[in-house]
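Student: Predicted model follows, preceded by the sequence.
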Amino acid sequence: MLKHVLDVIDLLDRPQATGDLLAGHLRSVLDAAGPPAEGPKPEITVTRIEGESGGTDFVKITVPGTRGRSAGGDAPTLGVLGRLGGVGARPERIGLVSDADGAVAALAAAAKLLDMYGRGDRLEGDVILSTHVCPDAPTRPHDPVPFMDSPVSVLDCNREEISPEMEAVISIDTTKGNRLLNHRGIALSPTVKQGWILRVSDDLLGLLETVTGELARVLPINTQDITPYGNGVHHINSIMQPCVATEAPVVGLALVTQTAVAGCATGASHETDIAAAARFALEAAKDFGRGVARFHDPAEFDRLVELYGPMTRLQAPA
């Protein structure tokens, strides 16, 4: 996985970084791995979206499974999202910014899955991975350290990155600009579904400990963090924003540090931590597709709704 991380960073760390450049790389990985397998083929698409502060390229990769929905099977589909404002902040900052880590992890995981697909190691369920590429995104003030902004809105990101086929979502995002979790590595959030912050998945905690070889760290989130951007309240960052746009359970996979690091800082990406995040996404895709990793307890969720009512109002724009 580290090889794929380094390849992706090399392509993203330049002013000319585009979605087409990354899509071409991913197609070359698939082609080099072996002859096409029978059944549905992987799909790689690039969509350009323009906003008030510029534009960005959304890259989406669909890797079909042997029993996936795309093949008419019953194995569930996992979504893996690389969340960020931009991979660069030119001309204000030169180089790959810390905020790019989520995109790198998602694209590296996609490259690994395509390589596996070409070699004949196909997962049971479909996996849909998505992120966006912008080498010149704006920055904005934030406490305790500045954040990267995005040339397009969070609404645009959710619209382009989230697919109705996703039956669970892993949202990977740099989450270093806070003082809530003083640890370098990766951390898992509680599961969020339709406005409810649920307990942390035991299955995913086990995967996290297997991947890192360390005790699992949990990212603390609160109700404000799972409400839509633009409502005037503080959010830890955009890691949980996919939960406002889907009925599927969502978990955040945060790349974290011991100290508060600005999202627009350069020289702040730790390749081995990004590789660990990508490996977690891959292992979660394996186990979710074969039905042995649950993001939440459906019966417990239904009981909460029965007792206290739906919380979907937290998903609605202010």
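Tutor: Looks like it arrived, so ask away. Numbers count the residues shown, from 1 in each chain.
Student: now the helices for the stretch 101-250 of the chain?
Tutor: 101-119, 154-161, 202-212 (DSSP state H, counting those that start in this stretch).
Student: how deep is the residue lying closest to residue 214 once chain neighbours are set aside tucked in, by neighbour count?
Tutor: Leaving out its chain neighbours, the residue that sits closest to residue 214 by CB to CB, 6 or more residues apart in numbering is residue 185, at 7.0 Å. No exception for glycine: its C-beta is placed from N, CA and C like everyone else's. Residues contacting residue 185 under the criterion other CB atoms under 10 Å number 19.
Student: Check the gap between residue 95 and residue 50 for me.
Tutor: Distance, residue 95 to residue 50, using CB to CB, to the nearest Å: 25 Å.
Student: Which one's more surrounded, these two?
Tutor: Residue environment comparison for residue 95 versus residue 50 gives the larger neighbour count to residue 95, 17 against 11, counting by other CB under 10 Å.
Student: wait, the more buried one sits on residue 264?
Tutor: No. Using CB atoms under 8 Å, residue 95 makes no contact with residue 264, being 10.4 Å away.
Student: For the residue nearest to residue 86 when sequence neighbours are not counted, give me its contacts.
Tutor: Nearest-residue entry for residue 86: residue 137, 2.4 Å, with adjacent residues in sequence omitted and distances by CB to CB, 6+ apart. Under the criterion of CB atoms under 8 Å, 6 or more residues apart in numbering, the neighbours of residue 137 are 53-54, 56, 85-89, 99, 148-151.
Student: Phi first, then psi, for residue 137.
Tutor: For residue 137, the backbone dihedrals are phi -80, psi 150 (criterion: degrees, to the nearest 10).
Student: Read off the pLDDT value for it.
Tutor: pLDDT, residue 137: 94.
Student: roughly how far apart are the closest residue to residue 289 other than its chain neighbours and residue 290?
Tutor: In space, and not counting its chain neighbours, residue 289 is closest to residue 125: 2.6 Å by CB to CB, 6+ apart. Distance, residue 125 to residue 290, by CB to CB: 7 Å.
Student: What of residue 233?
Tutor: Relative to residue 290, residue 233 is positioned 39 Å away (CB to CB).
Student: Which one's more surrounded, these two?
Tutor: For residue 233 against residue 290, the residue with the higher neighbour count under other CB under 10 Å is residue 290, and the figures read 16 against 13.
Student: Now the more buried one: closest residue in space that isn't a chain neighbour?
Tutor: With CB to CB, 6+ apart as the measure, residue 124 is the residue that lies nearest to residue 290, at 4.7 Å, once sequence neighbours are left out.
Student: Using CSV, write down the CA coordinates of stretch 183-193.
Tutor: What follows is stretch 183-193, C-alpha atoms only, in CSV (Å, rounded to 0.1, in the frame of the first residue of the first chain):
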residue,chain,number,x,y,z
HIS,A,183,-2.1,11.1,19.0
ARG,A,184,-0.3,10.6,15.7
GLY,A,185,-1.8,8.0,13.4
ILE,A,186,-5.4,7.2,12.6
ALA,A,187,-8.6,7.2,14.6
LEU,A,188,-12.2,6.0,14.1
SER,A,189,-15.3,8.0,14.9
PRO,A,190,-18.6,6.6,16.3
THR,A,191,-21.0,5.5,13.6
VAL,A,192,-23.6,8.1,12.5
LYS,A,193,-26.8,7.2,10.8
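Student: buried stuff in that stretch?
Tutor: 185-193 (16 or more other CB atoms under 10 Å).
Student: ditto for stretch 213-227
Tutor: When neighbours are counted by 16+ other CB under 10 Å, the buried residues of stretch 213-227 are found to be 216-217, 219, 221, 225-227.
Student: What of stretch 304-318?
Tutor: Counting neighbours by 16+ other CB under 10 Å, the buried set in stretch 304-318 is 304, 311, 314-315.
Student: from those residues, which single one is nearest residue 282?
Tutor: Of all the buried residues of stretch 304-318, residue 315 has the smallest distance to residue 282: 28.6 Å, by CB to CB.
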